[in-house]
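Chemist: what follows is a predicted structure for the sequence shown.
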Amino acid sequence: MGKFTFDNINSMYFDVLKEIGNIGAGNATTAIAQMLNLTINMSVPNVELKAVEDLGSAICPEEETIVGIFLEVKQDVTGSMMFLMRLDSAHYLVDRLMGGMAAGEEGEEFSEMELSAMKEIGNIIAGSYLSAISSMTNLTIAPSVPYISVDMAAAILSVPAIQFGQFGDNALMIETKFGDDVMIDGYFILLPDEDSYDKILGSLGISF
């Protein structure tokens with residue numbers, strides 16, 4: 001069992017985790033820009049240590065429907081990862097990816113083709129984010145095939161709440177804003193197990 005817990009985190013560990021989050025989010029945003037052939041502006045990601053019970057309302061009201069892309073993390077680092085978007089951002093990204101051919105509008109259900117397109121966006125985002133962490137740490141990190149869910153925020157965010165509840169009372173959430181004429185809000189929640197946090201920080205020369 002690892003020695004890392006979010007309950008005992010200090011400012012140095014948080015700064016390191018924040019920098020990992022910044023680089024990962026930047027890498028993922030660059031990948032989206034290349035995929036959509038866009039010049040994308042990006043704000044500095046906001047990295048917060050959130051109480052597990054507050055995750056459900058951290059993005060929007062708990063009853064609001066959002067899009068969640070969930071995948072498992074394997075090899076040297078194990079755990080899971082989520083990328084979350086509100087519906088307006090998800091519809092916009094899918095429409096750009098499909099060249100303006102997306103049928104749905106905000107408030108409407110996504111077609112199977114649109115859900116497939118969002119999975120591809122999730123693949124690109126997750127792969128790029130984890131690749132950045134892998135390059136920083138020299139650890140081998142691989143994502144699984146992503147799962148997608150369109151549901152109320154409270155339901156989607158119960159997944160990390162349950163998982164992190166085993167390890168402590170807090171979790172890291174990374175908010176990033178990117179876009180061209182329309183800014184997209186995206187939220188990363190990376191959920192390595194305790195041993196994996198030890199490996200990530202240990203690879204950077206930080207020990208407990």
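Modeler: Great, that's in hand.
Chemist: now do the strands in the chain.
Modeler: Assigned by DSSP state E, the strands in the chain fall at 41-42, 46-51, 65-75, 79-86, 141-143, 147-152, 170-179, 183-192.
Chemist: OK, contacts around residue 76?
Modeler: By CB atoms under 8 Å, 6 or more residues apart in numbering, the contact set of residue 76 is 139, 140, 141, 196, 199. C-betas here are computed from N, CA, C, even on glycine.
Chemist: among these, which lie within helices?
Modeler: 196, 199 (DSSP state H).
Chemist: only the buried subset of the contacts of residue 76, as a ChimeraX command please.
Modeler: Buried residues within these, by 16 or more other CB atoms under 10 Å, are selected in ChimeraX with:
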select :139,141,196,199
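Chemist: of the contacts of residue 76, which is the nearest to residue 26?
Modeler: residue 141 (16.8 Å; CB to CB).
Chemist: my read: the closest one touches residue 78, true?
Modeler: No: assessed by CB atoms under 8 Å, residue 141 is found out of contact with residue 78, at 9.2 Å.
Chemist: so what pairs up with the residue nearest in space to the middle of the chain in the strands?
Modeler: Nearest to the geometric centre of the chain sits residue 188, at 2.2 Å (CA atoms, centre = their mean). Bridge pairing for residue 188 (DSSP bridges) gives the partners residue 83, residue 174.
Chemist: measure it to residue 111 for me?
Modeler: 26 Å (CB to CB, to the nearest Å).
Chemist: ditto for residue 123
Modeler: Relative to residue 111, and taking CB to CB, residue 123 is found at 19 Å.
Chemist: how much space between residue 124 and residue 154?
Modeler: Residue 124 is 27 Å from residue 154, by CB to CB.
Chemist: now swap in residue 50 and tell me
Modeler: Taking CB to CB, one finds residue 50 at 14 Å from residue 154.
Chemist: and for residue 86?
Modeler: For residue 86, the distance to residue 154 - CB to CB - is 14 Å.
Chemist: kindly report the same for residue 199.
Modeler: 32 Å.
Chemist: same check, this time on residue 38
Modeler: In terms of CB to CB, residue 38 sits 32 Å off from residue 154.
Chemist: residue 205 now?
Modeler: 39 Å.
Chemist: quick one: which of these two has more around it?
Modeler: residue 154 (16 against 7; other CB atoms under 10 Å).
Chemist: right, and that one touches residue 66 too?
Modeler: No: using CB under 8 Å, residue 154 makes no contact with residue 66, being 9.9 Å away.
Chemist: show me which helix or strand of this structure is least confident by mean pLDDT.
Modeler: helix 158-164 (a mean of 63; mean pLDDT, DSSP states H and E).
Chemist: before we move on, back to that, to residue 95, which of the strands of the chain lies closest?
Modeler: When these are ranked by proximity to residue 95 (CB to CB), strand 183-192 comes first, at 11.7 Å.
Chemist: dump the C-alpha coordinates for that closest one into PDB.
Modeler: The C-alpha trace of strand 183-192 is given here as PDB (Å, rounded to 0.1, in the frame of the first residue of the first chain):
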ATOM      1  CA  MET A 183     -14.300  28.700 -25.300                       C
ATOM      2  CA  ILE A 184     -14.700  25.100 -24.100                       C
ATOM      3  CA  ASP A 185     -14.700  24.100 -20.400                       C
ATOM      4  CA  GLY A 186     -13.100  20.800 -19.800                       C
ATOM      5  CA  TYR A 187     -12.500  19.000 -16.500                       C
ATOM      6  CA  PHE A 188      -9.900  16.300 -15.800                       C
ATOM      7  CA  ILE A 189     -10.000  14.000 -12.800                       C
ATOM      8  CA  LEU A 190      -7.000  11.600 -12.700                       C
ATOM      9  CA  LEU A 191      -7.500   8.800 -10.200                       C
ATOM     10  CA  PRO A 192      -4.300   6.800  -9.800                       C
END
